[in-house]
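Chemist: here's my sequence, what's the structure:
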Amino acid sequence: MLFGAVAQSIPDLDFVVALWTDEAGTLMAHRGFTHSILFALLLSALLALVFWRVQRGIGLFKWLFFFSAQLAAHLLLDMFNNYGTGLLIPFDATRYSFNALYVADPLFSLWPLLACMALLILPYGSRKRLAWVRFGITGSIIYLCLSAYNKINIVSDVKYALKEQRIHYNDFLTTPSPFNTWLWFVAVKTDSGFHVGYRSAFDTAPGMDLRYFPRNDSLLSLVRDQEEVEELKRFSQGYYTVERWHDTLVFNDLRFGQVVGWHDPAQKFAFHFYLDHPEKSNRAVVQRGRFMKWDREARRSLWKRISGN
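Modeler: You can find the predicted model right below:
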């Protein structure tokens with residue numbers, strides 16, 4: 001178990017890139033080459049060779065299968081949330097994501113957490129240990145299947161709502177709102193901007209309440225660092241808007257949802273990157289908007305919206 005945990009942690013060491021790159025470069029580096037299929041194959045072979053030489057009791061191919069399975073599980077799970085994973089780097093820079101699981105969903109993590117606690121308590125050699133391992137894995141898999149089922153239904157509902165409301169679109173994105181798999185954030189892409197709203201798995205009305213946000217591409221011509229702009233556009237996979245907040249130009253990545261958008265549809269987007277004013281740090285750009293304005297009323301509103309109201 002310890003060897004598997006170490007192997008699964010290695011791809012996430014890409015955070016050290018932040019020590020010598022700018023903020024936009026760090027965004028592209030995370031889940032980049034260290035999360036590619038090529039890196040996983042090379043690392044699996046290296047780890048298998050090392051552990052085979054250290055522990056001769058286990059065959060080389062068993063070690064290779066073990067580490068390959070661990071790294072494959074890491075890449076697969078990372079694809080379920082909305083950050084995106086560069087599976088084919090360095091041959092193709094496309095980021096792949098299912099947008100089917102919130103990055104910190106407690107109901108996904110609960111089952112393996114309970115299993116780990118049980119393994120720490122139970123004596124080594126106990127027959128119950130294997131049962132707890134199965135419990136942890138099965139619980140997470142069932143929750144993933146539930147999330148995938150909800151996404152399929154939400155996508156179908158959104159298509160129907162857009163047809164009924166006669167909204168012409170190029171594409172749309174659905175991704176879970178924080179900490180659950182029942183309320184989904186929706187961003188509908190048009191030629192000039194986005195229609196944004198929320199859809200619950202328990203909604204019964206066919207329509208959707210959508211708010212329009214213009215893309216404002218023309219504002220990007222005012223930015224000095226065009227290389228940074230291009231990196232941000234690639235990272236956002238086309239789901240971005242540009243806004244001016246007083247004297248500050250801001251790049252929004254819509255894939256990360258809004259700040260309590262289910263409570264206030266006019267709220268800012270969680271991922272907002274400052275394009276000027278270097279004194280305003282972008283180091284925590286993925287995290288900083290996630291829990292802004294999470295007061296009691298916003299939390300109550302979340303549960304009410306999940307229920308379909």
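
Chemist: helices of the stretch 51-200 of the chain, start to end?
Modeler: Secondary structure of the stretch 51-200 of the chain (DSSP state H, counting those that start in this stretch): helices at 60-78, 106-121, 128-164.

Chemist: and the ones you listed: which comes nearest L42?
Modeler: Ranking the helices of the stretch 51-200 of the chain by their distance to L42 (criterion: CB to CB) puts helix 60-78 first, at 10.1 Å. From N, CA and C alone the C-beta is placed, and that goes for glycine too.

Chemist: which parts of the closest one are buried?
Modeler: Neighbour counts using 16 or more other CB atoms under 10 Å place W63, L64, F66, F67, S68, Q70, L71, H74, L75, D78 of helix 60-78 among the buried residues.

Chemist: contacts only, for the second one.
Modeler: This points to L64. By CB atoms under 8 Å, 6 or more residues apart in numbering, L64 lies in contact with S44, A45, A48.

Chemist: one more time with 10 Å, if that's ok
Modeler: For L64, the contact set (CB atoms under 10 Å, 6 or more residues apart in numbering) comprises L41, S44, A45, L47, A48, L49, F51, W52.

Chemist: for F51, see how far away it is.
Modeler: 10 Å (CB to CB, to the nearest Å).

Chemist: repeat for the first one
Modeler: Between W63 and F51 the distance is 5 Å, computed by CB to CB.

Chemist: A118 contacts R134, doesn't it?
Modeler: No: A118 is beyond contact range of R134, at 11.3 Å (criterion: CB atoms under 10 Å).

Chemist: tell me which of those two has more neighbours.
Modeler: A count of neighbours by other CB atoms under 10 Å puts A118 above the other of A118 and R134, at 17 against 11.

Chemist: quick one, grab the pLDDT at that one.
Modeler: Listed pLDDT for A118 reads 94.

Chemist: nearest spatial neighbour of it, skipping sequence neighbours?
Modeler: W132 (4.1 Å; CB to CB, 6 or more residues apart in numbering).

Chemist: L275: neighbour count?
Modeler: By other CB under 10 Å, neighbour count at L275 equals 23.

Chemist: next one: phi and psi at it?
Modeler: phi -90, psi -10 (degrees, to the nearest 10).

Chemist: quick revisit: now distance to S307 and pLDDT too, for the buried residues of helix 60-78, in TSV please.
Modeler: Putting the buried residues of helix 60-78 into TSV (distance: CB to CB, whole Å; pLDDT from 0 to 100) gives the following:
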residue	distance to S307	pLDDT
W63	49	93
L64	48	94
F66	44	93
F67	44	93
S68	43	94
Q70	39	92
L71	39	94
H74	34	93
L75	35	95
D78	30	94
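
Chemist: which of these sit farthest apart?
Modeler: Among the buried residues of helix 60-78, W63 and D78 lie farthest apart (CB to CB), at 23.1 Å.

Chemist: bridging residues for E243?
Modeler: V250 (DSSP bridges).

Chemist: give the contact list for L43.
Modeler: A7, I10, P11, T34, F67, S68, Q70, L71.

Chemist: format the buried residues of helix 60-78 as a markdown table; extra columns: distance to P90.
Modeler: Formatted as a markdown table, the buried residues of helix 60-78 follow (distance: CB to CB, whole Å):
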| residue | distance to P90 |
| --- | --- |
| W63 | 26 |
| L64 | 23 |
| F66 | 26 |
| F67 | 21 |
| S68 | 20 |
| Q70 | 22 |
| L71 | 17 |
| H74 | 19 |
| L75 | 16 |
| D78 | 18 |
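
Chemist: and which of the residues you listed is nearest V223?
Modeler: D78 (30.1 Å).

Chemist: check contacts around A201.
Modeler: Residues near A201 by CB under 10 Å, 6+ apart: 146-147, 149-151, 153-154, 157, 180-184, 306, 308.

Chemist: most neighbours, which of those residues?
Modeler: W184 (28 neighbours).

Chemist: pLDDT weak spots in the chain?
Modeler: 1-4, 18-19 (pLDDT under 70).

Chemist: just the strands from it, written as ranges.
Modeler: 171-176, 183-189, 193-200, 211-214, 240-245, 248-258, 269-274 (DSSP state E).

Chemist: of the ones you listed, which is nearest T85?
Modeler: Closest to T85 of those is strand 248-258 (CB to CB; 13.2 Å).

Chemist: for the helices of the stretch 51-200 of the chain, which one sits closest to E230?
Modeler: Comparing the helices of the stretch 51-200 of the chain by CB to CB, helix 60-78 comes nearest, at 24.0 Å.
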